[in-house]
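>>> No letters, just coordinates:
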């Protein structure tokens, strides 16, 4: 069991508006997508783009996300930037339907800007529509 | 829509064993817990301790996690350390039942080592038993 350092002050949690939250999300390259797969919750780190009110990610055919159904599934996308030294930063959470982008021109445009980290064939491009956006900032 | 930098090579994904995954999880102070609340997926960043095969976190009374039921709920806990420059690192995902720790001595022991970031009354201590542990490393 690791110890935490003592002697710091705890932070205040300040709620952020939707626009500010999406702007913060767009300022970082990666986040974590959460969804349910075979009745169990799953979290996967992925890189993302923010395009208007949409979060766009790539995944591979056969990935757990969207593999069981073609119907839009409700997912959560979370990104944060939290400094472990100062214990300040922010976290943004977007909830919305995930759908596969199928238009070839749109797919090509996103694939050009969204380069996978892993050497797998990440041929599926997924859009998460930001239907609920919440965020907070931790500050002293 | 932000651009990603080009000209890097993609990484290879190497699966990790359970012991190595838990050791990596224990090497970082924070991760993200994922669960379902009112039929929607939720992800929250929290700080954690690893104690044997248990992940221990703190939360406040009335938090979404465990608020709707006293029955153990299946949650996921994910932590990672991913370098955006080299695009290498690791991610570990633990799935298991979340239960509230009620033994006062145990609660006190964990509260001593697990200091909340936020100035809320984080009086609930939650144990996630690591029933399924998966992890991977990205390397070149």
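Arrived safely. Nothing here was measured: the structure is a model prediction, and the numbers come from that model.
>>> which residue packs closest to residue A:16, ignoring adjacent ones?
With CB to CB, 6 or more residues apart in numbering or on different chains as the criterion, residue A:16 has its nearest non-adjacent residue at 3.8 Å, and that residue is residue A:135. C-beta coordinates here come from the backbone N, C-alpha and C atoms, glycine included.
>>> Tell me how many other residues crowd residue A:129.
Residue A:129: 15 surrounding residues under other CB atoms under 10 Å in any protein chain shown.
>>> does it really touch residue A:56, like I thought?
No - counting by CB atoms under 8 Å, residue A:129 does not reach residue A:56; the two are 10.4 Å apart.
>>> starting at the chain centroid, how far to the lengthiest strand in chain A?
Secondary structure of chain A per DSSP state E: the longest strand is strand A:88-101. Between the centre of strand A:88-101 and the centre of its chain there are 5 Å (CA atoms, centre = their mean, to the nearest Å).
>>> After that strand, which helix or strand is next?
Sequence-wise, the next helix or strand downstream of strand A:88-101 (DSSP states H and E) is helix A:104-113.
>>> buried ones in that next one?
Of all the residues in helix A:104-113, those buried under the rule 16 or more other CB atoms under 10 Å in any protein chain shown are A:107, A:109-111.
>>> quick check: mean pLDDT across that helix?
Per-region confidence: helix A:104-113 scores 94 on mean pLDDT.
>>> list the helices and strands that helix packs on?
strand A:49-51, strand A:54-59, strand A:124-129 (3 or more CB pairs under 8 Å, 6 or more residues apart in numbering or on different chains; DSSP states H and E).
>>> right, so of those strands, which gets closest to chain B?
Proximity to chain B, assessed across the helices and strands packed on helix A:104-113 by CB to the nearest CB, is greatest for strand A:49-51 (4.9 Å).
>>> can you list contacts of the closest one?
A:22, A:25-26, A:55-57, A:110, A:113-114, B:1-2 (CB atoms under 8 Å, 6 or more residues apart in numbering or on different chains).
>>> Check those against residue B:100 and report the nearest one.
Nearest to residue B:100, judged by CB to CB, of these is residue A:25 at 31.6 Å.
>>> any idea what sits nearest residue A:63, other than its immediate chain neighbours?
residue A:124 (6.9 Å).
>>> swap that for residue A:55, sorry
Nearest non-adjacent residue to residue A:55 (CB to CB, 6+ apart): residue A:128, at 4.2 Å.
>>> neighbours around that neighbour, how many?
26.
>>> Residue A:93 is in contact with that one, correct?
No - in this structure residue A:128 lies outside contact range of residue A:93 using CB under 8 Å: 11.4 Å.
>>> between these two, what contacts are shared?
With CB under 8 Å, 6+ apart, residue A:128 and residue A:93 have common neighbours residue A:77.
>>> Let's have the helices and strands packed on helix A:104-113 in TSV, adding distance to residue A:82 and mean pLDDT.
Formatted as TSV, those follow (distance: least, CB to CB, whole Å; pLDDT from 0 to 100):
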stretch	distance to residue A:82	mean pLDDT
strand A:49-51	19	95
strand A:54-59	19	93
strand A:124-129	22	93
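>>> Ok, which of those comes nearest residue B:82?
With CB to CB as the criterion, residue B:82 lies closest to strand A:54-59 of the helices and strands packed on helix A:104-113, at 14.5 Å.
>>> got the contact list for that closest one?
A:25, A:31, A:33, A:46-50, A:65-66, A:77, A:94, A:96, A:101, A:110-111, A:114, A:116, A:122-130.
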